[in-house]
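Asks: pasted the sequence and its predicted model underneath.
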Amino acid sequence: MPDAAWMKLQWMWIVFFIVVGILNLVVAYLCSTDVWVNFKLFGLISLTLIFTIAAAVWMTKQTRLEWLRALAAVQY
């Protein structure tokens, strides 16, 4: 992947973890301990899995675009 794509992926993860951290604090302070534990166990794992899959799909697209650009640059 190009360096710009790696930088974008890095910022996507940074923003994701900031949002998840804030969401965790909101649930921890506004809900009961049982709700918070269930949220951490099922909610955050699910959010992380969904985000990871989305990031992998995005990375695949970026890699494919780079490969196609390299292939187009080859002169026959």
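Replies: Happy to help now that I have it. Here the structure is a predicted model, which means the values were calculated and not measured.
Asks: mind checking which helix or strand the residue positioned nearest the centre of the chain is in?
Replies: With distances taken as C-alpha atoms, centre = their mean, residue 51 lies nearest the centre of the chain, 4.0 Å away. Residue 51 is part of helix 44-73, with elements assigned from DSSP states H and E.
Asks: for that helix, packing partners?
Replies: Other elements packing on helix 44-73 under the criterion 3 or more C-beta pairs under 8 Å, 6 or more residues apart in numbering; DSSP states H and E are helix 3-30. C-beta: built from backbone N, CA, C; applies to glycine.
Asks: what average pLDDT does the helix it packs on get?
Replies: The pLDDT scores in helix 3-30 average 95.
Asks: following it, which helix or strand shows up next?
Replies: Going down the chain from helix 3-30, the next helix or strand is helix 33-38, by DSSP H and E.
Asks: in that following helix, what counts as buried?
Replies: Buried residues in helix 33-38, counted by 16 or more other C-beta atoms under 10 Å: residue 36.
Asks: stretch 41-50 now?
Replies: Here stretch 41-50 shows residue 43 as buried, counting by 16+ other C-beta under 10 Å.
Asks: distance of residue 56 relative to residue 6?
Replies: 14 Å (C-beta to C-beta, to the nearest Å).
Asks: and the residue nearest to the centre of the chain, what's its pLDDT?
Replies: 97.
Asks: ok, now the one 3 residues further on?
Replies: According to the per-residue confidence, residue 54 scores 96 in pLDDT.
Asks: count the neighbours of residue 58 for me.
Replies: The tally of other residues near residue 58 (other C-beta atoms under 10 Å) stands at 15.
Asks: I should have written residue 31 there, sorry.
Replies: Residue 31 has 13 nearby residues by other C-beta under 10 Å.
Asks: count the residues that sit near residue 39.
Replies: 19.
Asks: centre of the chain versus stretch 34-43, how much separation?
Replies: How far stretch 34-43 lies from its chain's middle: 20 Å, per C-alpha atoms, centre = their mean, to the nearest Å.
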